[in-house]
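Asks: I need the structure of the sequence given here:
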Amino acid sequence: MRKKSLVLLLVMALTVMTVLAGCGSKGGSNSGESTEGAGDAGSFKVGFICLHDENSTYDLNFINGAKEACKTLGISEDNYIIKTNIPEGQECFDAAEEMVDAGCGIIFADSFGHEDYMIQAAKEYPDVQFCHSTGTKAHTEGLDNYHNAFASIYEGRFLAGVAAGMKLNEMIEAGTIKAEEAKIGYVGAYTYAEVVSGYTSFFLGARSICPTATMDVTFTGSWYDETAEKEGATKLINGGCVLISQHADSMGAPTACEKAGVPDVSYNGSTVESCPNTFIISSRINWAPYYEYAIKAAMDGKAIDTDWTGTLETGSVELTEVNEQAAAAGTQEKIDEVKAQLAAGEAHVFDTAAFTVKGKALDSYMADVDTDEAYEKDTEVIADGYFHESEYRSAPYFDLQIDGINLLDTKF
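Replies: Next comes the predicted model:
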């Protein structure tokens, strides 16, 4: 009897030790080893830091993605924190620290200027995962708990440009404008690679349909300034631009277009309710797939990609419904055709046969991928006849000024 009891006690002890050994921390590990089930959606906490609030189309897009991801993963409203109107300064680190204190196992920030403060927080709190959208430094920082994410939105902008080109052709065929008057206006925030990549891909999409298209670009020097964006769009319209698009976050440009009766391609969501007569289409990054992936990985104690790029295939790049009231006939069918070509690798947004720089086609270009203080060009990005955007890091690095696009000003 004593021997049987001793064996039974040993078996029980080994069982307890095995269970304890399998338990992981909620903060997650980047060792790459799975600790499936380490997190619990009922208690796991998540934090989101936003530059502006719901009045910004950019931040609203992130907020909607955050809520959707949490709902999908079964994380209750009590277990996620969304902080809005957090400037690109020390306030970002302070917000992250407050979220750590509140028990968040993973924290996201949504604006380029948040990056250095998220890195500071990641170094200070190594047991918490920090994810930053639009940033550039994760792949060179070498931190297990700091990550960048973006999406191939240049593909979405190219497709939106296709819709713009269809509208320009319709205007030319109707005699509203001459072919040489097919000038697009674009309101940008800053002269950063992210914005340059965006307006260039949009322009190339438009010119793939309307070969005579040209484009003027003006910058506001702010991601969100409704007055400046409205003034910028008005200046472009007065300068002869017959269609407007944007990479800035307010309703300023769409409102100016609706007032002037000028077709508009928006960004980060439909403006059809406010601008039913001029809104054509909008592209946006759907952040829900990334949030779901990163949160689930943190919950399960699994590694999160250092640099994650969402695509059309992952559902991270989306277009709104075409507004038939303003768009040219056949727009949706043409978008579907070009989208299939992009997905199949039969077409590339930055095909070097489609543009020139100072009159010359490019077969080589060194881009600033590994960001440093000197912005040194460090990586060859042209191969197989096209510029490989967002393949060597998630955030855009296309910063070429191609022929056909005229910058009215610059704002760095």
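
Asks: do you know how far residue 176 is from residue 217?
Replies: 23 Å (CB to CB, to the nearest Å). Backbone N, C-alpha and C define where each C-beta goes, glycine included.

Asks: how does the chain divide into domains?
Replies: 45-152+287-310, 153-284+319-407 (automatic domain parsing).

Asks: distance between the ends of the first one?
Replies: Read it as domain 45-152+287-310. 24 Å (CA to CA, to the nearest Å).

Asks: picking up where we left off before, could you dump the domains of the chain into JSON lines and include mean neighbour count?
Replies: Putting the domains of the chain into JSON lines (neighbours: other CB atoms under 10 Å) gives the following:
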{"stretch": "domain 45-152+287-310", "mean neighbour count": "21"}
{"stretch": "domain 153-284+319-407", "mean neighbour count": "20"}
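
Asks: could these go into CSV alongside mean pLDDT?
Replies: Shown next, in CSV, are the domains of the chain (pLDDT from 0 to 100):
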stretch, mean pLDDT
domain 45-152+287-310, 97
domain 153-284+319-407, 96
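
Asks: Which residue ranges of the stretch 301-412 of the chain form helices?
Replies: Here the stretch 301-412 of the chain has its helices, by DSSP state H, counting those that start in this stretch, at 331-343.

Asks: ditto for the chain
Replies: Taking DSSP state H as the criterion, the chain contains helices spanning 2-21, 57-73, 90-101, 115-124, 138-141, 153-173, 193-209, 226-238, 252-260, 288-299, 331-343.

Asks: Just the residues contacting stretch 168-187, thanks.
Replies: The contact list for stretch 168-187 (CB atoms under 8 Å, 6 or more residues apart in numbering) reads 164, 199, 202-203, 206, 209-210, 212-220, 229, 232-233, 236-237, 239-248, 252-253, 328-329.

Asks: hey, C-alpha coordinates of it in CSV?
Replies: C-alpha atoms of stretch 168-187 as CSV (Å, rounded to 0.1, in the frame of the first residue of the first chain):
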residue,chain,number,x,y,z
LEU,A,168,-11.0,62.3,-67.1
ASN,A,169,-11.7,60.3,-70.3
GLU,A,170,-15.4,60.8,-69.8
MET,A,171,-14.9,64.5,-69.5
ILE,A,172,-12.7,64.6,-72.6
GLU,A,173,-15.2,62.6,-74.6
ALA,A,174,-18.1,64.8,-73.5
GLY,A,175,-16.2,67.9,-74.6
THR,A,176,-16.1,69.3,-71.0
ILE,A,177,-12.3,69.5,-71.2
LYS,A,178,-9.7,69.0,-73.9
ALA,A,179,-7.2,66.2,-73.6
GLU,A,180,-4.4,68.6,-72.7
GLU,A,181,-6.6,70.0,-69.9
ALA,A,182,-6.8,66.7,-68.0
LYS,A,183,-5.0,68.1,-64.9
ILE,A,184,-5.4,66.5,-61.5
GLY,A,185,-4.9,68.3,-58.2
TYR,A,186,-3.6,66.6,-55.1
VAL,A,187,-3.6,67.9,-51.5
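
Asks: Contacts only, for residue 205.
Replies: Contacts of residue 205 (CB under 8 Å, 6+ apart): 157-162, 164-165, 338, 349.

Asks: give me that answer again for 7 Å
Replies: By CB atoms under 7 Å, 6 or more residues apart in numbering, residue 205 lies in contact with 157-162, 165.

Asks: Then residue 370?
Replies: 140, 378-379 are the contacts of residue 370 under CB under 7 Å, 6+ apart.

Asks: returning to what we had before: can you tell me which of the contacts of residue 205 lies nearest to residue 290?
Replies: residue 157 (18.4 Å; CB to CB).

Asks: OK, contacts around that closest one?
Replies: For residue 157, counting by CB under 7 Å, 6+ apart, the contacting residues are 198, 201-202, 205, 283.

Asks: okay if I get these as CSV plus distance to residue 106?
Replies: Converted to CSV, the contacts of residue 157 look like this (distance: CB to CB, whole Å):
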residue, distance to residue 106
198, 28
201, 31
202, 33
205, 35
283, 27
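
Asks: of those residues, closest to residue 313?
Replies: Checking these one by one against residue 313 (CB to CB), the nearest turns out to be residue 283, at 15.5 Å.
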